[in-house]
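Peer 1: sharing a model that was predicted from the sequence below.
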Amino acid sequence: MKNVLLFIQNKLKIIIWLVLLIILLSVSIFLFIGYRSSQAELATLQARYSITDESLLEVERKLEIIDELAKIYDVPSDETPSVAKVTNVDELKNEPFFAKAKNGDVVIVYQSIQKAILFDPLEKKILDVAEVSSSSAQQPKAEIPVETRVVVYNGTTISGKASAIAQQLLTAFPQIRITDTANAQNVGYEQTGVVILSETHQSVAQAIASELGAAIQTIPSGELVPSETDIVIIVGSDI
């Protein structure tokens, strides 16, 4: 009888260990699959947007805003639009498109349908929609003057960024003139900024901001204000 009981106990122990082993294997496989899936999603984001880990959160926020817009407005699902944040609305009040705007709102531009959408990400509502005049001008009704003088400062420690951005802008906006590229006084800028020095070039500045995914801002303290210049671009580490 004792031998039978010992046999049963040993069998039960083996069964219990087998069950625990199966559970542990199942949990491990589940966690591994979840990890691989999250890594794949991260790799997709980084490859698609050419971003680093440091700028991933901002890209995720832009994707969230685009998704919120898509819930209430019919936008192309196969296009990643340009997204620019309004940071100094007082400089844009003369533009009818920005009449209802406030700081923190965003301009989302879809080139395939030639529309610019002013969107409130907090209230999740559309403030205005305008036609984009051309594929190169990403600001609603932005007409590039014969000459818009632009200076590009490199606000990072990576050499050559100012020249690269200048070339990108000349390709997108052949009517502008890059008057200088130089290093900024501060090389620790995390976000790219567009500074308007001439009020008559606000629409051009907004179009450039949309092209670069940058924000309109005032000239930072300590930075040089170049003479005979309409727009200053300070390149940050986000692009």
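Peer 2: Structure received.
Peer 1: all strands of this protein, in order?
Peer 2: Secondary structure of the chain (DSSP state E): strands located at 82-85, 106-110, 115-120, 125-131, 148-154, 176-183, 193-196, 215-217, 231-235.
Peer 1: I'd like the ones you listed as TSV, with distance to residue 68 and mean neighbour count appended.
Peer 2: For every residue, glycine as well, the C-beta is placed using N, CA and C. Formatted as TSV, those follow (distance: least, C-beta to C-beta, whole Å; neighbours: other C-beta atoms under 10 Å):
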stretch	distance to residue 68	mean neighbour count
strand 82-85	12	22
strand 106-110	10	23
strand 115-120	8	21
strand 125-131	9	15
strand 148-154	32	25
strand 176-183	33	17
strand 193-196	25	23
strand 215-217	19	20
strand 231-235	29	25
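Peer 1: wait, which of those strands is closest to residue 163?
Peer 2: Among these, the nearest to residue 163 by C-beta to C-beta is strand 176-183 (5.3 Å).
Peer 1: tabulate the strands of the chain (JSON lines), appending mean pLDDT and distance to residue 67.
Peer 2: Listed next are the strands of the chain as JSON lines, based on pLDDT from 0 to 100; distance: least, C-beta to C-beta, whole Å:
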{"stretch": "strand 82-85", "mean pLDDT": "76", "distance to residue 67": "12"}
{"stretch": "strand 106-110", "mean pLDDT": "83", "distance to residue 67": "11"}
{"stretch": "strand 115-120", "mean pLDDT": "88", "distance to residue 67": "12"}
{"stretch": "strand 125-131", "mean pLDDT": "87", "distance to residue 67": "14"}
{"stretch": "strand 148-154", "mean pLDDT": "92", "distance to residue 67": "32"}
{"stretch": "strand 176-183", "mean pLDDT": "89", "distance to residue 67": "33"}
{"stretch": "strand 193-196", "mean pLDDT": "92", "distance to residue 67": "26"}
{"stretch": "strand 215-217", "mean pLDDT": "89", "distance to residue 67": "21"}
{"stretch": "strand 231-235", "mean pLDDT": "95", "distance to residue 67": "28"}
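Peer 1: could I get those strands as TSV with distance to residue 96?
Peer 2: Below are those laid out as TSV (distance: least, C-beta to C-beta, whole Å):
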stretch	distance to residue 96
strand 82-85	17
strand 106-110	14
strand 115-120	11
strand 125-131	8
strand 148-154	21
strand 176-183	23
strand 193-196	17
strand 215-217	17
strand 231-235	21
